[in-house]
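Colleague: Give me coordinates for this.
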Amino acid sequence: MSHPTTAPRAGVRWLHGRTALLIAFAFSVMADPVSSVAYAIEAALRALDGNLGLLLPAMSAVVFVVALVVTSYHQLVARFPEGGGSAAATGRAFGEGFSFIPMGALVVDFVLTIAISVAAGSAAIVSYLPALAPWRLPLALGLLVVVAGLMWFGHMGRAVFALLTMLFIAAAVSVLVPVLGTSQVPAEPYTGLLHGAPLTVALAFPVAMALATGIEAPSSAIAQLAQLDDDGRKSFGRWALWLTLGIVGTLTLSMTAAVVWLNVQLPGEDSTLVAELARAASSPAIFAAFQGATALLLLSAASSSFQAGPGLLKALARSEHGASRHGVLPAVLGRTNTHHVPIVGVLVFLVTSAIVVTAAGAEEQKLVLFYAVAVFVSFLMGLIAMATFAWRERRPFWVTINAVAALAVGFTLVANVMRPAALGSLAATFIVAGGLYWAWVRAGRPRGAANAVAESEAGETQVDELVHDELEGNPQG
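Modeller: Model (predicted):
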């Protein structure tokens, strides 16, 4: 007896399975940029010296630059469906030695993401419990140790990150909806210099570009999707990029508009701007839920970097693990516990992040001045690489898109490095990149090192495939 409904039902299950996987993947990789909303808007307002009238234009400029980067990374994902992001693109466009520039940028970015996330997480807790304000630094360091300690038991799964991201979005919506029924709170006249408003916005918005951190994640994290073929990973990566832009952009501009509408002023040391928005717009219960969701999402962003950073070091130190045998870094960084976690690498990021948090006094608004710099070096290298590919292939439209995006990112870098704090971040990026390059040269320039970012996300079988392709004589694609 035939069963004509079997194939359609199997097709429905396949479709539902892919949809659930896409949701889990997309919402997990956007945890970092979504969590950045907690401090990026306040960073922009502080750079504007509290001028609420210029806040929405500044955050609109941020979202516009993010959109340019996403448009270019839309192509990058298609060209590198095996993952690898800007490091893979840079290595293929200019040679493997150049891939260590974006790798160095990512290492610094991971450290800063961990540091600013635990600092902002402690700020979210202090905003709800102001009595803990004198204990901000111990609280942040305690959260840092807890997140690092949980790494011993293995990586958090995509579903957990996705759930925490959706929880924060739901909490943010619950804060924003009541604003629609309120009357605008009149703002007091601003007494600062208004005649240079466009220049003020242009110089202030780069500080808030912390919002763009994490945009690189989909182009690297698609290496995790071993159950999909190249076309599937390409599709998932692109969907994740555009969903991230849509959700982060909408959330950012909506919360910015609400801050302006309710005339929420810069907070004191024991609170944050988004906390003051939640306090002004919602009930005590919703305020508590929002602060809790904010803290959890920020800690998940720190956990994500605790996975990615040591994973990258492990990939570069695979002299004793897997088939790649790069041997660029000491073998100890490639050794794992029973849960496949590179514990020494986790300790490296724990100690480094603790130093950064302590130096900043666990104040996230100090850390944000260092933050949106290193990752833009990675963006810039990836965009220049994509423009180079488009030029070689005589695709003038994409040459223009990538060049415009590179100019916007370059301007952001230049505007940022006018600040001493950003110079420190940039210097750290090139010190780490130079150290990795030196170690690579000393190791005999092993081939396949440009794939380290992809390998850090992939399973052992996928790593073997990446290395096999490289050793088969495909170093330049």
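Colleague: contact partners of stretch 260-277?
Modeller: Identification of contacts with stretch 260-277 by Cβ atoms under 8 Å, 6 or more residues apart in numbering yields 37-39, 41-42, 45-46, 50, 52-53, 55-56, 120, 123-124, 126-128, 130, 133, 175, 179, 182, 184-188, 255, 258-259, 280-281, 287, 290-291, 294, 364. Every residue, glycine included, has its C-beta placed from N, CA and C.
Colleague: okay, now the closest residue in space to residue 441 that isn't next to it in sequence: neighbour count?
Modeller: Leaving out its chain neighbours, the residue that sits closest to residue 441 by Cβ to Cβ, 6 or more residues apart in numbering is residue 97, at 7.9 Å. A count of neighbours around residue 97, defined by other Cβ atoms under 10 Å, yields 16.
Colleague: swap in residue 132?
Modeller: By other Cβ under 10 Å, 15 other residues sit near residue 132.
Colleague: Now for it: which residues touch it?
Modeller: So residue 132 contacts 125, 126, 139 (Cβ under 8 Å, 6+ apart).
Colleague: sorry, back to before: filter the contacts of stretch 260-277 to the buried ones?
Modeller: 37-39, 41-42, 45-46, 52, 55-56, 120, 123-124, 126-128, 133, 175, 179, 255, 258-259, 280-281, 287, 290-291, 294, 364 (16 or more other Cβ atoms under 10 Å).
Colleague: Of the residues you listed, which belong to helices?
Modeller: 37-39, 41-42, 45-46, 55-56, 120, 123-124, 126-128, 175, 255, 258-259, 280-281, 287, 290-291, 294, 364 (DSSP state H).
Colleague: residues of whatever helix or strand residue 397 lives in that come out buried?
Modeller: Counting by DSSP states H and E, the element that carries residue 397 is helix 396-416. Residues of helix 396-416 classed as buried: 398-399, 401-403, 405-406, 408-409, 412-413, 415-416 (neighbour count, 16+ other Cβ under 10 Å).
Colleague: Which strands or helices does that helix pack on?
Modeller: Judged by 3 or more Cβ pairs under 8 Å, 6 or more residues apart in numbering; DSSP states H and E, the packing partners of helix 396-416 are helix 55-79, helix 364-392.
Colleague: For those helices, could you give me JSON lines that also reports distance to residue 455 and mean pLDDT?
Modeller: Output for the helices and strands packed on helix 396-416, formatted as JSON lines (distance: least, Cβ to Cβ, whole Å; pLDDT from 0 to 100):
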{"stretch": "helix 55-79", "distance to residue 455": "17", "mean pLDDT": "91"}
{"stretch": "helix 364-392", "distance to residue 455": "17", "mean pLDDT": "91"}
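Colleague: What residues sit buried inside the host helix or strand of residue 136?
Modeller: In this assignment (DSSP H and E), residue 136 forms part of helix 136-150. Within helix 136-150, the residues scored as buried using 16+ other Cβ under 10 Å are 136, 137, 139, 140, 141, 143, 144, 147, 148.
Colleague: quick check, nearest of these to residue 229?
Modeller: residue 147 (34.2 Å; Cβ to Cβ).
Colleague: Quick check: the closest one touching residue 306?
Modeller: Yes - contact status for residue 147 versus residue 306: in contact at 6.2 Å, counting by Cβ atoms under 8 Å.
Colleague: joint contacts of the two?
Modeller: Common neighbours of residue 147 and residue 306 (Cβ under 8 Å, 6+ apart) are residue 114.
Colleague: Tell me the spatial nearest neighbour of residue 380, not counting adjacent residues.
Modeller: What sits nearest to residue 380 in space, not counting adjacent residues and going by Cβ to Cβ, 6+ apart, is residue 409, at 4.9 Å.
Colleague: For that neighbour, report the pLDDT, please.
Modeller: pLDDT for residue 409: 90.
Colleague: quick one: it and residue 384 touch, right?
Modeller: No - with contacts counted by Cβ under 8 Å, residue 409 stays clear of residue 384, the gap being 9.4 Å.
Colleague: Now do the same contact list for residue 113.
Modeller: Contacts of residue 113 (Cβ under 8 Å, 6+ apart): 32, 213, 214, 301, 302, 304, 305, 371.
Colleague: Wait, the second one touches residue 36, no?
Modeller: Yes - using Cβ under 8 Å, residue 213 is in contact with residue 36, at 6.1 Å.
Colleague: and residue 90, how far is that from residue 388?
Modeller: Distance of residue 90 to residue 388, given as Cβ to Cβ, to the nearest Å: 9 Å.
Colleague: Those two: which has the busier surroundings?
Modeller: Neighbours per residue (other Cβ under 10 Å) separate residue 90 from residue 388, with residue 90 holding more: 28 against 17.
Colleague: which stretches of the chain aren't confidently modelled?
Modeller: Applying pLDDT under 70 to the chain flags residues 1-17, 155-158, 187-197, 318-326, 459-477.
Colleague: From residue 303, how far out is the residue nearest the centre of the chain?
Modeller: Taking Cα atoms, centre = their mean, the centroid of the chain lies closest to residue 214, which sits 1.7 Å from it. To residue 303, residue 214 is 13 Å away according to Cβ to Cβ.
Colleague: Repeat that for residue 87.
Modeller: In terms of Cβ to Cβ, residue 87 sits 22 Å off from residue 303.
Colleague: what's the answer for residue 397, then?
Modeller: 39 Å.
Colleague: picking that back up, now tabulate the buried residues of helix 136-150 in CSV and tack on distance to residue 357.
Modeller: As requested, the buried residues of helix 136-150 are arranged in CSV below (distance: Cβ to Cβ, whole Å):
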residue, distance to residue 357
136, 10
137, 7
139, 10
140, 5
141, 6
143, 9
144, 6
147, 12
148, 12
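Colleague: ok, residue 422 - contacts?
Modeller: By Cβ under 8 Å, 6+ apart, the residues touching residue 422 are 369, 370, 373, 416.
Colleague: That one: what secondary structure?
Modeller: helix (DSSP: H, G, I helix; E, B strand; the rest coil).
Colleague: still on that earlier bit, summarise which helices and strands the helix holding residue 136 is packed against.
Modeller: Secondary structure elements in contact with helix 136-150, counted by 3+ Cβ pairs under 8 Å, 6+ apart, are helix 100-128, helix 284-316, helix 343-359.
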